Structure formats: structure tokens, C-alpha cells
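>>> Structure here, sequence nowhere to be found:
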């Protein structure tokens, strides 16, 4: 029997659910100008941290996405990875249509099936993600569909020895706001000037307050690249000075569908591009004689990294799992802030 008391309880519960949804909705759509949201991920008992980086991948397994995923699973198992970083352009060509778009399962859940890849994925949005329902990728609903998924505009990942700052780089790029051929989902970004200004303040504050041994910034767009898209002038002008001033060790990105390692000639920053998750082979690499360029490969693949208090070792792999380039960066113990 339905009583007045049970009906009242039902409506109170329903009202509470709606209020919770409203809070989530507002948090996703309305820019937050407080400090960046922080997540924590434990390191291994031996004090090390291992992870993979892949970008520009979401094509329902096509364009060798499934082959790259297979090799990621193999390398992930060998390195006993702790998590995976996605550098954006998670779903092609125009992001997701909504939280229940089957493309989420078809391009993510059903592709990255290896046991070693059933770890947390930390993701940022790319420009192609903004061409669809960008807010959908930020929704907690996707985390219920696949618990590995975590995508926010900008956030902090604290792993004790390494602090990662994930930065929403798409709103920095002027051309996206005047493109006649594409429509972008700027909900939560406009007014753009205010959004970018506050984001820069948040990033600067996070880096200045960080006491982590290593500082890594992750974004979709390259600061330095010899690939198809090349350098991103807006990031060089606004973001790079902050990274230099706060002794960032690595800037990791996607966007160019290639693998790259470029070293800074005027700072300690190493620029790493991992954007070979699916469609690649543009064949238009520039400036191979650049003194700062340590490695470039315009095909498909991904990157791995193992870090300790005293070193960061990374490697790039192609679509068959061959190591194409590896590098090790030392870190002096007394240099910690």
C-alpha cells in the first residue's frame, strides 16, 4: 500500500537527486575560478611510477587504433603501469553526441581491453572533442559506464613524486573561434577571455605551490612541434612563460599525429608529443635539422614513462611495439623545492 509517508519520502529523495544533478550540471557547465580540482594516485611500494601516454585515438578501432591498443596492453603489462594518460581528441571526428553515444564504448571500452589497461585513464579534451558535446565527456555518467574514464577540462593529479597539471588548451587557440566550417561547444568556456585568464592563474598557482619532485604539464596542443600543426603561438605567449618560471620538467601533448621529443634550448623543459593513437602518416614533418629536435616519427604509436625520485625514463613505440626512441632524465635529490 502506498501511504502518504512513503510518498513524501519518495518526493524528498527525488528532490535530493535533482539537487545533486543540478550541482553536477553547474560544475560542468559553469567555469570554476577556484583552485583546480585535485586527484591523488598512489605510487608503487618501491617508490616508482609507470604510465602510458596516447593521444588522437578514438576511431572505433580503425586506422590501426586497435593495433596500437594491443601493443599498449603488452607494454603496459611489462611495465606494470599505474595509469594511462590521454592527450585529447578522444573521439573523432566530432566528439561525442551525448553521454549515451555508442561511440564511447566503440572507441574506448571495446578497444582498450587488455588487462593491463584496466587502470584509471586521465584525459583532457582536444579540439575535435569540442566539436561535439564536450560537456558529455566531462560527465560522471561516463564514469559509471566505464569506471576507468576521468576527463575534466583542467585538473591536478598528485602522485607524491610527480605532480601533473592537466590544462584545457583548446580555448587558447584563436582560429577555433572564427572557423566557418566547424561548430564548437563553448559551454563553460565563454566568456573566453575570462576563462583563459583564470585558467592561467590557476595553473600558475598550482605550479608555484607544488612541492613535488617532478612537475609535468599535460595539454592537447603542442607548445613545440615540427609536425603538421607545428607550434601553438598562443601557448608560447601565455602558458610557456609560466612553465619556465616554475621549473616544469615535461610538457606532454597530442594534436600532431606523430611522436616527438624536443628539448628546450633555454629551459629544463622536455616537449613530448604522443598523438599517434590512430590515424597518422601525414608526411609533412618540418625542420629535421633543428638542434632541439631529438626524435620525430610521423606514424602511429604511443609513449611510456617510468619515474622515480631521481630519474624519468621514457620511450616511444610504433604500431608493432618496436622501441623507436628512449631517453632518461636525471633528477638531483637536493634540487627538490
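Nice, I can see it. Note that this is a predicted model, so its numbers are computed, not measured.

>>> contacting residues around residue 68?
Counting by Cβ atoms under 8 Å, 6 or more residues apart in numbering, residue 68 touches 54, 57, 276, 277, 278, 300, 301, 302, 319. In this view, the C-beta of every residue, glycine as well, is placed from N, C-alpha and C.

>>> ok, the third one - how many residues close by?
Okay, so that is residue 276. The tally of other residues near residue 276 (other Cβ atoms under 10 Å) stands at 31.

>>> And it, how close does it get to residue 233?
Taking Cβ to Cβ, to the nearest Å as the measure, residue 276 falls 24 Å from residue 233.

>>> likewise the first one?
Between residue 54 and residue 233 the computed distance is 26 Å (Cβ to Cβ).

>>> For the two, indicate the residue with more neighbours.
Neighbour count, other Cβ under 10 Å: between residue 54 and residue 233, residue 54 has more, with 28 against 12.

>>> what sits opposite that one in the beta ladder?
Counting by DSSP bridges, residue 54 forms beta bridges with residue 86.

>>> what sits against it?
68, 72, 84, 85, 86, 87, 274, 276, 277, 302, 303.

>>> all helices for the stretch 101-250 of the chain, in order.
103-104, 127-130, 134-137, 140-145, 192-209, 233-238, 240-245 (DSSP state H, counting those that start in this stretch).

>>> out of those, deepest packed?
Greatest average neighbour count among the helices of the stretch 101-250 of the chain goes to helix 127-130 (a mean of 25), per mean count of other Cβ atoms under 10 Å.

>>> picking up where we left off before, residue 221 is nearest to which of the helices of the stretch 101-250 of the chain?
Residue 221 sits nearest to helix 233-238 of all these, at 6.0 Å, using Cβ to Cβ.

>>> where does the nearest residue to residue 325 once chain neighbours are set aside fall, phi/psi-wise?
Nearest residue to residue 325 in three dimensions, chain neighbours excluded: residue 295, at 3.9 Å (Cβ to Cβ, 6 or more residues apart in numbering). Here is the backbone geometry of residue 295 (degrees, to the nearest 10): phi -170, psi 140.

>>> who does residue 295 bridge with?
residue 261.

>>> Based on its surroundings, how many neighbours for it?
16.

>>> Tell me how far it lies from residue 231.
For residue 295, the distance to residue 231 (Cβ to Cβ) stands at 17 Å.

>>> Please parse this structure into its domains.
1-30, 35-335 (automatic domain parsing).

>>> ranking those domains by burial, who's on top?
domain 35-335 (a mean of 19).

>>> Below-threshold pLDDT in the stretch 101-250 of the chain: ranges please.
In the prediction, the stretch 101-250 of the chain carries no residues with pLDDT under 70.

>>> Distance check, residue 197 against residue 163.
In terms of Cβ to Cβ, residue 197 sits 23 Å off from residue 163.

>>> how close does the closest residue to residue 85 other than its chain neighbours sit to residue 328?
The shortest distance from residue 85 to any non-neighbouring residue, by Cβ to Cβ, 6+ apart, is to residue 53 (4.6 Å). Look at residue 53 and residue 328: by Cβ to Cβ, they are 16 Å apart.

>>> Please apply the same query to residue 239.
26 Å.

>>> Report pLDDT for the closest residue to residue 220 other than its chain neighbours.
Spatial nearest neighbour of residue 220, chain neighbours left out: residue 88 (3.3 Å); criterion: Cβ to Cβ, 6+ apart. Reading off the confidence values, residue 88 has pLDDT 98.

>>> Just give the closest residue to residue 139, not the sequence neighbours.
Closest to residue 139 by Cβ to Cβ, 6+ apart is residue 99, at 4.9 Å.
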